[in-house]
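A.B. asks: Structure for the following, please:
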Amino acid sequence: MSQEMNELSPESTRLGWIGTGVMGTSMCGHLMDAGYRMTVFNRTVEKAKPLVEKGATLADSVGALAANSDVVFTIVGFPSDVREVILGADGVLASAQSGAIIVDMTTSQPSLAKEIAAAAALKGVASIDAPVSGGDTGARNAALSIMVGGEAAAYQRVEPLLRLMGKTIVHQGPAGCGQHTKMVNQTLIASGMIAICEALLYAYRAGLDIPTVLKSVSSGAAGSWSLSNLAPRMLENDFDPGFFVEHFQKDMRIALEEASRMKLALPGLALASQLYQALAAQGHQRDGTQALILALASLNGFDWQQR
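C.D. replies: Numbering: from 1, shown residues only. Predicted structure coming up:
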């Protein structure tokens, strides 16, 4: 596809999607619903099955997908996965055509986003970092917040595609700025999750009717997305992952590393990281982040699920 072609229309644009997990499947599905031809790849082939049944073509390698895609989206687990998928010997850049665009929606390192953008530019490929917030609910409802770093021209071309997946899409600046913004987001969530868990424990010990309490506090100054969406899951002992604990741990490590590099002390984030480390040590690394209530209840001497 020519770099001069501005409109990424369903009729003329081939999309590739790498990473069909909890969020990726829904996000990719929205693009397919808009009529785009889609090639998908996932290391665990079974996880790509719903999209293949929907009409996507299954690639047998990342390279094969990249060679046949004008825009490649990636949303994988860890920075090491991003590096392998995009910069590896059989990665996206090894096979991408000049004029292609890479959109990495993984929450990853700002420095890696800059490295990818530089390597992509040498091949005539554009790259933007576009991590998301909103969890499984936001992905299903195409209501994600998408934070974008990279060249403005590349962002403007893919913005219509991003709007099929999210409601709040903001270009934050050059490569890496999307990831930095996501670190701000995760820092806010981390301490907020501690507060939500502590508040629920307080309400429980005080003998209050917790659903009634939530009605009172969720629409006031204490309201937040996490309070409205995750506190009810905690009450129902629903710890299915909208976002894995182990992925949140990764995000907090990145944020703390960046803070250290910038000579910032973030004690609230450090505490949250330690509490989630305890939660993972108890075997909950593949549960949703709302499972933090289990670790804090245990700290207070009781089993939340048996309350």
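
A.B. asks: Without its sequence neighbours, what residue ends up closest to the residue sitting nearest the centre point of the chain?
C.D. replies: By CA atoms, centre = their mean, the chain has its centre lying nearest to Val132, at 4.6 Å. In space, and not counting its chain neighbours, Val132 is closest to Leu144: 4.5 Å by CB to CB, 6 or more residues apart in numbering. Where you see a C-beta, it was placed from the backbone N, CA and C, and this is true even at glycine.

A.B. asks: Would you map the strands across the protein?
C.D. replies: Remark: strands assigned in the chain by DSSP state E are 14-18, 37-41, 57-58, 71-74, 101-104, 126-129, 132-133, 144-149, 166-173.

A.B. asks: Make a markdown table out of those and add mean pLDDT.
C.D. replies: Output for the strands of the chain, formatted as a markdown table (pLDDT from 0 to 100):
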| stretch | mean pLDDT |
| --- | --- |
| strand 14-18 | 98 |
| strand 37-41 | 98 |
| strand 57-58 | 98 |
| strand 71-74 | 98 |
| strand 101-104 | 98 |
| strand 126-129 | 98 |
| strand 132-133 | 96 |
| strand 144-149 | 98 |
| strand 166-173 | 98 |
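
A.B. asks: neighbours of the spatially closest residue to Ser69 that is not a sequence neighbour, just the number please.
C.D. replies: Excluding its sequence neighbours, the residue lying closest to Ser69 (CB to CB, 6+ apart) is Gly16, at 3.2 Å. Neighbourhood size, Gly16 [other CB atoms under 10 Å]: 30.

A.B. asks: which residues touch the helix or strand bottoming out on mean pLDDT in the chain?
C.D. replies: Across the helices and strands of the chain, mean pLDDT, DSSP states H and E gives its lowest value to helix 135-140, namely a mean of 92. Helix 135-140 is contacted from outside by 22-24, 26-27, 132, 143-145, 165-166, 229, 241-243, using CB atoms under 8 Å, 6 or more residues apart in numbering.

A.B. asks: residue contacts, Gln179?
C.D. replies: Here Gln179 is in contact with Thr107, Ser108, Gln109, Pro110, Leu112, Ala113, Asp129, Pro131, Met147, Gly149, Ile254 (CB under 8 Å, 6+ apart).
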